[in-house]
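Peer 1: pasting the sequence and the predicted coordinates here, then a few questions.
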Amino acid sequence: MKLGPLNHVGVATPSIDEAVTFWRETMCASVIHEPFDMPEQGVRVCFVDTPNSQIELLEPLGADSPIAGFLEKNPQGGQHHLCFEVPDIEAARSRFEELGKRILGPTRIGAHGTPIFFLHPKDMGGILTEIMETPEKPADETGKFAWAQ
Ligand SMILES: C[C@@H](C(=O)O)C(=O)SCCNC(=O)CCNC(=O)[C@H](O)C(C)(C)COP(=O)(O)OP(=O)(O)OC[C@H]1O[C@@H](n2cnc3c(N)ncnc32)[C@H](O)[C@@H]1OP(=O)(O)O
Ligand SMILES: [Co+2]
């Protein structure tokens, strides 16, 4: 497995609309789309663009949202997860399985349209870790992503 770029930092919030206003007006960040629902993930999502990464704002959606417990403990919201890209999601999943890391649920399609899975924070130095297959980008003449060489 080769660790790729930090794709995004997940930030939980009780109000995605208030969080978008904060990132736009206080942090002068670009938020170029409307929040959207991902019912299958139990979250409402909006991405904030920064020059080298993204902040993924997450509001709970539905009674069984996986971020409900986090917001109970952190009512103001806060840093929730780190998401790293990998070139091959199945190879990454096998590696973490072999290492005995707890994988939270099946591999599913994430907000960028590529497969993702989550690793338990208690097995990852306290950090809920999302692993995501790199979205299709123009490859160079070797056919590889620049960072993966
Ligand atoms: C859209 C997609 C995308 O990017 O494409 C997304 O990101 S969706 C993002 C939302 N989806 C997910 O997060 C899916 C994976 N997450 C989960 O399955 C869950 O959130 C868990 C990580 C298992 C936590 O669930 P829950 O809070 O109900 O469990 P729990 O209260 O038993 O927590 C177990 C222990 O982990 C700690 N804990 C909970 N959430 C944590 C977090 N985000 N970071 C660090 N530690 C965390 C709790 O404080 C507790 O520690 P103590 O025992 O010491 O008190
Ligand atoms: Co995420």
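Peer 2: That came through fine. Ligands and ions are numbered 1, 2, ... in the order given.
Peer 1: which parts of this structure sit against ligand 2?
Peer 2: 10, 56, 83, 130 (Cβ under 5 Å from the ion). Quick note: C-beta positions are derived from backbone N, CA and C, even for glycine.
Peer 1: how about 6 Å then?
Peer 2: 8, 10, 56, 81, 83, 130 (Cβ under 6 Å from the ion).
Peer 1: elements contacting whichever strand or helix holds the fourth one?
Peer 2: In other words, H81. Here H81, judged by DSSP states H and E, is contained in strand 78-86. Judged by 3 or more Cβ pairs under 8 Å, 6 or more residues apart in numbering; DSSP states H and E, the packing partners of strand 78-86 are strand 6-12, strand 129-133.
Peer 1: out of those strands, deepest packed?
Peer 2: Of all the helices and strands packed on strand 78-86, strand 129-133 carries the top mean neighbour count, a mean of 22, counting by mean count of other Cβ atoms under 10 Å.
Peer 1: how close does P39 sit to ligand 1?
Peer 2: 11 Å (Cβ to the nearest ligand atom, to the nearest Å).
Peer 1: ignore the last one, I16
Peer 2: I16 is 12 Å from ligand 1, by Cβ to the nearest ligand atom.
Peer 1: a markdown table for the residues of the chain next to ligand 2, including pLDDT?
Peer 2: Shown next, in a markdown table, are the residues of the chain next to ligand 2 (pLDDT from 0 to 100):
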| residue | pLDDT |
| --- | --- |
| H8 | 97 |
| G10 | 98 |
| E56 | 98 |
| H81 | 98 |
| C83 | 98 |
| E130 | 98 |
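Peer 1: possible to save these as CSV with distance to ligand 1?
Peer 2: As requested, the residues of the chain next to ligand 2 are arranged in CSV below (distance: Cβ to the nearest ligand atom, whole Å):
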residue, distance to ligand 1
H8, 6
G10, 5
E56, 5
H81, 6
C83, 6
E130, 5
